[in-house]
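[1] Model the structure of this input:
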Amino acid sequence: MTEVHEQAARNAWRSAEPLHGLIYFVPEARERYAALGLDATEGYFASRSAAMGPVGPGPVTATFFNFNPRLVARALPAAWERTTPAAVLEARVEAAGAALTRLLGEAVDSPELREAADLARRAAESAAAYPQGRPLFAAHVALPWPEQPHLVLWHAQTVLREFRGDGHVAALLLSGLSGLEAVVLHVASGEIPRRFLQLSRGWSAEEWDAAVAGLRERGLVDGDEPALSEGGRALRASIEETTDRLAAPAYAVLGVDGCTRLAELTRPLSRTVVKAGALNVDKAVSRS
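    Numbering: from 1, shown residues only. Presented below is the predicted three-dimensional model:
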């Protein structure tokens with residue numbers, strides 16, 4: 001196995017991540033889920049878990065980690081009374097294709113995108129050798145590959161994101177954080193607004209404030225508007241370092257040069273997506 005620097009692997013993932021993440025925000029997804037009889041919340045949980053089959057709230061709460069179990073239980077298994085995992089997966093791929101075509105324009109069929117798709121697919125397929133302890137990844141890597149290059153790139157990044165995500169959950173568990181505490185610490189880092197994470201994850205103000213109080217007692221946050229303390233910053237850094245280490249094997253087949261090239265190719269594509277407002281959390285909250 002080729003050695004790959006963890007930072008190079010992280011850069012490859014971060015540079016391409018908006019190309020996957022858009023599926024949670026774009027109107028194309030909401031419209032297709034609605035056509036199946038699903039509201040936005042049901043569409044999210046059903047579409048991301050559909051690779052595991054018609055599972056109930058238990059496995060989804062476990063694998064998604066930071067959502068209020070009550071929110072998950074309102075969406076599943078109710079969604080499977082109106083549609084099927086196969087139909088949801090088809091709708092999700094169609095939505096991704098339509099959104100990428102709209103957002104990227106001519107670049108959707110560019111040589112650079114095709115090269116990026118080939119690199120990302122190599123990494124995603126090589127990661128299939130490491131399914132243990134990665135349930136969401138294992139389910140997604142077993143799905144059939146689409147044919148069009150922009151969908152290959154989207155699917156590859158989806159697989160790689162779930163590979164990294166499963167490792168991140170392991171790191172959070174080792175750190176002794178609950179799902180709610182993890183999102184509270186994320187907000188305390190200043191990287192994302194509280195309103196988005198609290199509403200989208202289904203936590204009440206009382207539950208959120210109780211988690212803040214617990215983290216304050218542990219010395220992980222301080223201040224009236226909770227911010228990471230020195231201990232909180234150290235814990236967050238440790239979690240990210242562990243996540244990077246656990247994610248690196250997926251990119252080993254590319255080596256540092258391949259990771260660097262993947263980042264170079266996907267960075268302008270992702271910037272186009274972000275500049276178009278396709279990952280606007282304020283819009284997402286307004287629809288909640």
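[2] what's the first-to-last distance across stretch 180-197?
    In stretch 180-197, first residue to last residue: 10 Å (CA to CA, to the nearest Å).
[3] Now it: buried residues?
    180-188, 194, 196-197 (16 or more other CB atoms under 10 Å). C-betas here are computed from N, CA, C, even on glycine.
[4] Off-centre distance for it?
    15 Å (CA atoms, centre = their mean, to the nearest Å).
[5] pLDDT on it, on average?
    The average pLDDT for stretch 180-197 rounds to 96.
[6] which other residues reach that stretch?
    Contacts with stretch 180-197, where a contact means CB atoms under 8 Å, 6 or more residues apart in numbering, come from 65-66, 68, 172, 177, 198, 201, 203, 207-208, 211-212, 214-215, 220-221, 226-228, 232-233, 235-236, 281-282, 284-285.
[7] that older thread, and the buried residues of stretch 180-197, which two are furthest apart?
    By the measure CB to CB, Glu181 and Phe196 form the most distant pair in those, at 17.1 Å.
[8] Show me the shaky parts of the protein.
    1-3, 281-288 (pLDDT under 70).
[9] Which parts of it are strands?
    221-222, 227-228 (DSSP state E).
[10] So what are the sheet partners of the first one and their directions?
    Think strand 221-222. When pairs are called by DSSP bridges, strand 221-222 turns out to pair with strand 227-228 (antiparallel).
[11] List the contacts of the partner strand.
    185, 188-190, 220-221, 236.
[12] Reformat these as TSV; add distance to Glu115.
    Formatted as TSV, the contacts of strand 227-228 follow (distance: CB to CB, whole Å):
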residue	distance to Glu115
Leu185	37
Ala188	39
Ser189	34
Gly190	36
Leu220	43
Val221	43
Arg236	34
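[13] what's the most distant pair in those?
    Farthest pair in the contacts of strand 227-228 (CB to CB) is Gly190 and Leu220. Separation: 14.4 Å.
[14] So among the contacts of stretch 180-197, which ones count as buried?
    Applying 16+ other CB under 10 Å to the contacts of stretch 180-197 flags 65-66, 68, 172, 177, 198, 201, 203, 208, 211-212, 215, 220-221, 226, 228, 232, 235-236 as buried.
[15] can you tell me which of those residues are in helices?
    Taking DSSP state H as the definition of helices, those contribute 172, 198, 201, 208, 211-212, 215, 232, 235-236.
[16] now the residues you listed as a markdown table including distance to Tyr251?
    Below are these laid out as a markdown table (distance: CB to CB, whole Å):
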| residue | distance to Tyr251 |
| --- | --- |
| Leu172 | 21 |
| Gln198 | 33 |
| Arg201 | 29 |
| Trp208 | 35 |
| Ala211 | 34 |
| Val212 | 36 |
| Leu215 | 32 |
| Gly232 | 29 |
| Leu235 | 25 |
| Arg236 | 22 |
